[in-house]
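In: sequence and predicted structure are below.
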Amino acid sequence: MKSLLASIAFCTRIPIHIAFETEDVGRAARWFPMVGAMLGLLYLGLVRLLQSVLPNVAIAVVIVAAEALVTGALHFDGLADSFDGFGGGKTREDILRIMRDHAIGTYGALALILLVALKITAIDTLIERHRAFPALLLMPTLGRWNIVLLSYWLPYARPSQGVPRQIGPGELAWATVATALVAGTMARWQGALYWAICGTSGVLWGLFSRKKIGGITGDTLGASEQLGESVVLLAALALR
């Protein structure tokens, strides 16, 4: 139970008034996809609640705003920092230094604008086509599975970084089972397809990060989550 609470505290801004050790956050990774599923249920609830009173595009904006509010824009920030670093840095040291800079540069701003535009447009269209389910449920679930996969698979580019290294095969296996339950129960073959596409995007992003900086950082993990969500939405739009 403590690891689940640590996962909620780490992935969201929901107040959890319990003291956690660094190891607790590592073990909490097993619950990341389930926290994503909770967010997905929130998004679907907003669709159901607002569809009779707001246009679809406004609901899409509310969903993206809710994601930023509930998560503290954690993964949005990781995406922006990653694109600033990879776009503006020439060497590994340059990239890591730029990622640490709290200011958002041109690459990061452009990445955020394009991401938000894509999400709003895709969610608007999926609601219009009556296909918001299961895409809105699976996108945060699968995106957070990517975080667990890359955390287990790749080394950290900053050895001193405070991200725990307790994400081992047990955490990955647990997260995979949880993701399979959500994807299989709610979407069946579509869930498997979305998972394959999202996982492929995570692997490709991980390989790119390893080539550029020798591994991953908290920022690149956040970016992998957002990129995973984006490809799930694109897959849902393309699926007939």
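Out: Here it is on my side, so go on.
In: tell me the contacts of the nearest residue in space to residue 170 that is not next to it in sequence?
Out: Nearest residue to residue 170 in three dimensions, chain neighbours excluded: residue 30, at 7.3 Å (Cβ to Cβ, 6 or more residues apart in numbering). Backbone N, C-alpha and C define where each C-beta goes, glycine included. Applying Cβ atoms under 8 Å, 6 or more residues apart in numbering, we find residue 30 in contact with 3, 7, 148, 170-171, 174-175, 178.
In: so residue 30 versus residue 167, what's the distance?
Out: 9 Å (Cβ to Cβ, to the nearest Å).
In: common neighbours of those two, please.
Out: Taking Cβ under 8 Å, 6+ apart as the contact rule, residue 30 and residue 167 both touch residue 148.
In: got the contact list for the longest helix seen in the chain?
Out: The residue-count maximum for a helix in the chain (DSSP state H) belongs to helix 189-213. The set of residues external to helix 189-213 that reach it, using Cβ under 8 Å, 6+ apart, is 85-86, 92, 95-96, 134-135, 138-139, 142-143, 145-146, 149-150, 153-154, 157, 179, 182-184, 187, 215-217, 220, 223-224, 227-229, 231-232, 235-236, 239.
In: helices - which of those land there?
Out: Judged by DSSP H, helices contain the following of the contacts of helix 189-213: 85-86, 92, 95-96, 134-135, 138-139, 142-143, 145-146, 149-150, 153, 179, 182-184, 220, 223-224, 227-229, 231-232, 235-236.
In: which of these are buried?
Out: For the ones in helices among the contacts of helix 189-213, a burial check counting by 16 or more other Cβ atoms under 10 Å picks out 85-86, 95-96, 134-135, 138-139, 142-143, 145-146, 149-150, 153, 179, 182-183, 220, 223-224, 227-229, 231-232, 235-236.
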